[in-house]
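Visitor: Task: produce atomic coordinates for the following.
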Amino acid sequence: MSRSLWGFALVTLLAIAVPAVAHHAMQAEFDQNNVVVITGVLKKINWVNPHVNFLVDVKEPDGATTTWTLVHAGPNQMRAAGLSDRDFWKVGATYTASLALARNGSPRGYVFTIKTPDEKFIYLTFGNVGVDPLNKDGKGGLGNGRPTKFQ
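Guide: This is a model prediction of the structure:
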C-alpha cells in the first residue's frame, strides 16, 4: 500500500476515534447519589458544545470564594427548552442549584435543579433538559426521582 493511502487510512481512523473518546456518560464523571445544594453568584455562562457551563462563585464557610463549574445540556437542548434567552440568565445575580458532585472531587457538578433570583425553579433531568423545565405543570422533579431540598 502506498504511503499516501496509509496516511489517509490513519487520518480516517483518528477522525472516527476522537469523537468516540470525547463523548462520555455523565454518570461516569458525576455521582448522582452524591447530590448537594450550592448558592452563588453567576460569573459567566459558556454556551459551548458538548455542554453549557455555568461558572458560579460560591462563598465557602472560611470566607474564601470557589468558582464552581455547573454543567448540563448542550446549547441546542437549552434553546429547545426555552432556556437560552440572553436576558433569562443574569450574570452577577445569585442562583441556587442542586447538583451531582464530580467524582474526582473538583468543584464541578451536573445540575438537576436551579432556583433563579426571582424564585423560579428550573427542573432538569439526568441526561435531558425535559419537556417542562420551568415546571409549568407543577410536577417538576429530578432525574434520580428524589425531591430537591433547598436550604
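
Visitor: so G92 makes contact with L42?
Guide: Yes: with contact defined as CB atoms under 8 Å, G92 and L42 form a contacting pair (6.7 Å). The way it works is simple: take the backbone N, C-alpha and C, and place the C-beta from them, glycine included.

Visitor: Pick out whichever of the two has more residues nearby.
Guide: L42 (20 against 9; other CB atoms under 10 Å).

Visitor: Paired strands for the helix or strand harbouring the more buried one, with orientation please.
Guide: Of the helices and strands defined by DSSP states H and E, L42 is found in strand 30-46. Here strand 30-46 is paired, per DSSP bridges, with strand 53-59 (antiparallel), strand 94-102 (antiparallel).

Visitor: Neighbouring strands of the first helix or strand past the longest one going along the chain in the sheet, and parallel or not?
Guide: Scanning forward in sequence from strand 94-102 by DSSP H and E, the next helix or strand is strand 108-115. Using DSSP bridges, the neighbouring strands of strand 108-115 in the sheet come out as strand 65-71 (parallel), strand 94-102 (antiparallel), strand 121-123 (antiparallel).

Visitor: which of those is buried the deepest?
Guide: The highest mean neighbour count among those, using mean count of other CB atoms under 10 Å, belongs to strand 94-102: a mean of 21.

Visitor: which outside residues touch that one?
Guide: 26, 29-42, 54, 56, 70, 108-117, 126, 142, 148, 150 (CB atoms under 8 Å, 6 or more residues apart in numbering).

Visitor: Go again with 7 Å.
Guide: 29-32, 34-42, 56, 70, 108-117, 148, 150 (CB atoms under 7 Å, 6 or more residues apart in numbering).
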